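1. Build me a model:
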Amino acid sequence: MSRWRPPSTERASPYITSAGYRRMQQEYDHLWRERRPAVVRALAAAAAEGDRSENAEYQYRKKELGEIDRRVRYLQRRLPALRVPPFPDDRSRIHFAACVRISVDGDVERELQLVGADEAEAASGMVSVDAPLPRALLGRSEGDVFVHSTPGGEQEIEILEVRYPEPECAD
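-> Numbers count the residues shown, from 1 in each chain. As a prediction, the model looks like this:
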């Protein structure tokens, strides 16, 4: 049996926190204004050395430039599509950007922040709002207990705390 799966037809939600948007914009600016010109200069210098077929520096810089260009193209398409939603009026309920402390099956405590797919980083507790557990958390409030189905079985989730990071001032 092969591992091939058809591509998902679902697209990631276009939401992102203001800090996440700023990080992506800074990444784009860094790649376009600093990193790419430096790699192009190094590529030109490597190309001037002669035979390109046996020039490891040239081959490496071409590959590096391709990776930079691929990321720049992605950011050029994705940044205009992203939306920073306003902070909710009702902060007692879980909405996008909420920091949530939960108890799983009464013993394991986890802290999660619901963020956009582009800034999700599971190791630091930033989970995509498109994932099943965050979707199940949306609209609930502190003290709620519910059963969440997972591939490994059902889990009882208790919401211990709901808070929101302070909104950032406009620059």
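
2. In this protein, where's the longest helix?
-> helix 56-81 (DSSP state H).

3. Give me the buried positions along that helix.
-> Along helix 56-81, these residues count as buried under the neighbour rule (16 or more other C-beta atoms under 10 Å): Y58, R61, E64, L65, I68, R71, V72, L75, R78. (C-beta placed from N, C-alpha, C; glycine too.)

4. likewise stretch 45-57?
-> A46.

5. Show me the residue at the heart of this protein, geometrically.
-> Central residue of the chain (C-alpha atoms, centre = their mean): E119, 2.0 Å from the mean position.

6. for that one, what are its contacts?
-> I16, T17, G20, R23, M24, M126 (C-beta atoms under 8 Å, 6 or more residues apart in numbering).

7. And for L114?
-> I94, H95, F96, A97, A98, V100, V127, V129, P134, L137, L138.

8. if you set the cut-off to 10 Å instead, what comes out?
-> In this structure, L114 makes contact with 15, 17, 94-100, 120, 126-131, 133-135, 137-138, judged by C-beta atoms under 10 Å, 6 or more residues apart in numbering.

9. partners of the longest strand seen in the chain in the sheet?
-> The longest strand of the chain (DSSP state E) is strand 153-163. Using DSSP bridges, strand 153-163 pairs in its sheet with strand 99-104 (antiparallel), strand 145-150 (antiparallel).

10. Past the first one, which element shows up next along the chain?
-> It stands for strand 99-104. Toward the C-terminal end, the helix or strand that comes next after strand 99-104 (DSSP states H and E) is strand 108-115.

11. right, and G106 touches L160 too?
-> No. Shown here, G106 and L160 do not form a contact pair, counting by C-beta atoms under 10 Å, at 11.1 Å.

12. Looking only at neighbour counts, state which of those two leads.
-> Between G106 and L160, L160 has the larger neighbour count (other C-beta atoms under 10 Å), namely 14 against 11.
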